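1. model the structure of this input:
(one chain, ligands or ions: 1)
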Amino acid sequence: MGFVNTVLGKVKVEDLGCTLVHEHLLLRSETVAIQFPHLYDEEEIYQKAVKGVQAVKAQGVKTICDPTVVGMGRDVRFLEKVSQETGVQIITATGIYSFTEIPMHFQNRDIDYMTDAFIYDIEVGIQNTPIKAGFLKCAADAPGITPDLDKVFRAIARAQKHTGVPIMTHSHPASGNGLKQLEIFKEEGVNPNSIMIGHTGDSDDLDYIKQILDSGVYIGADRFGQPPLEYEKRHSTLLELLNQGYANRIFLSQDYCCNIDWYTDEQVNQLVPNWSIEFLIDEVIPKLRKEGATEEQIHTMMYENVQNWFQGK
Ligand SMILES: [Zn+2]
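-> Numbering: from 1, shown residues only. Sure thing, here's the model as predicted:
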């Protein structure tokens, strides 16, 4: 597959350019946003997203993958508008984000029913639009792979095999569940080159990280600027992995949210002081260079891996 679905249509993988693989333009509590729309200032929200995307465009970013899926307030018309205004390519996803249960609708239906819903988003369009998903997203955190999540992971795996688009996960390295995610994908027969175990960079446990890498998948060092792992440790772990030859398996990103309604602004400032969508390119990459990462390694992580991931290579 040499093409990828963006919110404005298909693009060639070679045209993705410098890519931030995990950032959110608008993330919110879906039920609250639908039921209490008066709580939101839509114009302010839109301007924040445009400002964030323009800031990284000025840094040379050409594409953003936004893994905001069901359960996070996914709004593809919003992404389309931001992409049109900024000229930055945005790739949206399909899948379910929950740490425990899934909607009753899916609880009472089988795995393949959910698979078909994901395939529809990729092949036909999302939310009654012609905007198609470019990749699949699923999540498991501290509670582990609950029975509901097992169903999601298998539906995601089957949709991957049917469509060929890649999978990005949210994993919780502290409980080691990246490996459990891999077990399910393996059972379902997914090509490891189409899998990214996200948030693996939240750990500095090299044994754990290398167990994941050595299964042939990609990992996300995708939360620069965020807890739970402090910046220096994220940095030194990444440098060690680069030294060991893993540049072609690692994605750098920030999991930054231009908008997030889970917390008040004060809480966000407390949780992630100086949170910025420009941090990776302004701070992290220059520091990597200074400490010995080569231009080739940086280019591989920011330009090439995304092309290969989308092609299952
Ligand atoms: Zn995220």
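2. show me where the stretch 1-150 of the chain has strands.
-> Assigned by DSSP state E, counting those that start in this stretch, the stretch 1-150 of the chain shows strands spanning 3-6, 9-12, 19-20, 63-66, 89-96, 135-139.
3. do a quick rundown of the helices in the chain.
-> Secondary structure of the chain (DSSP state H): helices at 30-35, 42-58, 76-86, 104-107, 111-123, 147-163, 177-188, 206-213, 231-243, 265-271, 279, 285-290, 295-299, 305-311.
4. of all those, which lies closest to Lys12?
-> helix 305-311 (9.3 Å; CB to CB). The way it works is simple: take the backbone N, C-alpha and C, and place the C-beta from them, glycine included.
5. mean neighbour count, mean pLDDT and distance to Asp255 added to the strands of the stretch 1-150 of the chain, as JSON lines?
-> Shown next, in JSON lines, are these (neighbours: other CB atoms under 10 Å; pLDDT from 0 to 100; distance: least, CB to CB, whole Å):
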{"stretch": "strand 3-6", "mean neighbour count": "22", "mean pLDDT": "98", "distance to Asp255": "20"}
{"stretch": "strand 9-12", "mean neighbour count": "13", "mean pLDDT": "98", "distance to Asp255": "23"}
{"stretch": "strand 19-20", "mean neighbour count": "26", "mean pLDDT": "98", "distance to Asp255": "10"}
{"stretch": "strand 63-66", "mean neighbour count": "28", "mean pLDDT": "98", "distance to Asp255": "11"}
{"stretch": "strand 89-96", "mean neighbour count": "26", "mean pLDDT": "98", "distance to Asp255": "14"}
{"stretch": "strand 135-139", "mean neighbour count": "28", "mean pLDDT": "98", "distance to Asp255": "12"}
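6. farthest residue from the center of the chain?
-> Ranked by distance from the centre of the chain (CA atoms, centre = their mean), the top residue is His38, with 28.8 Å.
7. if I look at it, what pLDDT would I see?
-> pLDDT recorded at His38 is 98.
8. same deal with the one 3 residues further on?
-> Confidence per residue is given as pLDDT, and for Asp41 that number is 97.
9. what about it, how many neighbours?
-> For Asp41, the neighbour count with other CB atoms under 10 Å is 10.
10. now it: how far from Gln35?
-> 17 Å (CB to CB, to the nearest Å).
11. do the same with Arg74
-> In this structure, Arg74 and Gln35 are 16 Å apart, going by CB to CB.
12. may I have the worst-scoring helix or strand of the chain on mean pLDDT as CSV, with CA atoms only?
-> For the chain, using mean pLDDT, DSSP states H and E, the weakest element among its helices and strands is helix 265-271, scoring a mean of 93. Provided in CSV are the C-alpha atoms of helix 265-271 (Å, rounded to 0.1, in the frame of the first residue of the first chain):
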residue,chain,number,x,y,z
ASP,A,265,-6.4,24.7,32.8
GLU,A,266,-4.9,25.0,36.3
GLN,A,267,-4.8,21.2,36.7
VAL,A,268,-3.1,20.9,33.3
ASN,A,269,-0.5,23.5,34.3
GLN,A,270,0.2,21.5,37.5
LEU,A,271,0.3,18.1,35.8
